[in-house]
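> Please find the sequence and the predicted model below.
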Amino acid sequence: MTLKVMEDGRGEWVVLQVSGEMDLVTSPAVRQHVHDAVAEGRHSLVLDLSEVRFCDSSGVGVLIAARRLMRSCSGKLRLILPPQDAAHGSHVHRVLAALGVRRLFDVYPNLMVATEPDDGERNTADSLSA
């Protein structure tokens, strides 16, 4: 399977909808889209990972690098990962949790919630089951 990245805007937010597999070959495309958004002066970024079916360590590395980049420019990064449930658990959510880096990210269940105006940085992931 390949990777597809589609860009959209929601107010102040740049939304990158990622679908497919994030692996050694494909994840540099996500990194490039993140860098392009920052180069354009956009510092509020949502990565919609709800359609990512596979993510290896290189994909996780891209997510961590995106977090670091956004923090370096006083930006905001939010991830969309669907809520965990037995039948349809998010692969990316499981990988981030297994590696112990899930807590580094602000995770939201859908685009509507992720692009709500700030009321102080809040993390809705606590409402998601681990």
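Structure received.
> Regarding the protein, what is its longest helix?
Longest helix in the chain, counting residues (DSSP state H): helix 57-72.
> what's it in contact with?
22-24, 27-28, 30-31, 34-35, 38, 43, 45, 47, 52, 75-77, 79, 92, 95-96, 99, 101, 104-105 (Cβ atoms under 8 Å, 6 or more residues apart in numbering). Where you see a C-beta, it was placed from the backbone N, CA and C, and this is true even at glycine.
> and if you look at stretch 30-38?
Residues contacting stretch 30-38 (Cβ under 8 Å, 6+ apart): 3, 5, 7, 14, 16, 18, 22, 45, 47, 59, 62, 65-66, 69-70, 73, 75.
> From these, list just the buried residues.
The neighbour-count test (16 or more other Cβ atoms under 10 Å) marks 3, 5, 14, 16, 18, 22, 45, 47, 59, 62, 66, 69-70, 75 as buried among the contacts of stretch 30-38.
> Listing request: residues of this structure with sub-threshold pLDDT.
Along the chain, the model assigns pLDDT under 70 to residues 1, 84-89, 119-130.
> quick revisit: I'd like the list of the contacts of helix 57-72 that fall within helices, please.
Using DSSP H, the contacts of helix 57-72 in helices are Ser27, Pro28, Val30, Arg31, Val34, His35, Val38, Val92, Val95, Leu96.
> Buried by neighbour count: which residues of the longest strand seen in the chain qualify?
Assignment by DSSP state E gives strand 44-55 as the longest strand of the chain. Using 16+ other Cβ under 10 Å as the test for burial, strand 44-55 gives Ser44, Leu45, Val46, Leu47, Asp48, Leu49, Ser50, Val52, Cys55.
> Could you name the helices and strands sitting against that strand?
strand 13-22, helix 27-39, helix 57-72, strand 76-80, helix 91-98, helix 111-114 (3 or more Cβ pairs under 8 Å, 6 or more residues apart in numbering; DSSP states H and E).
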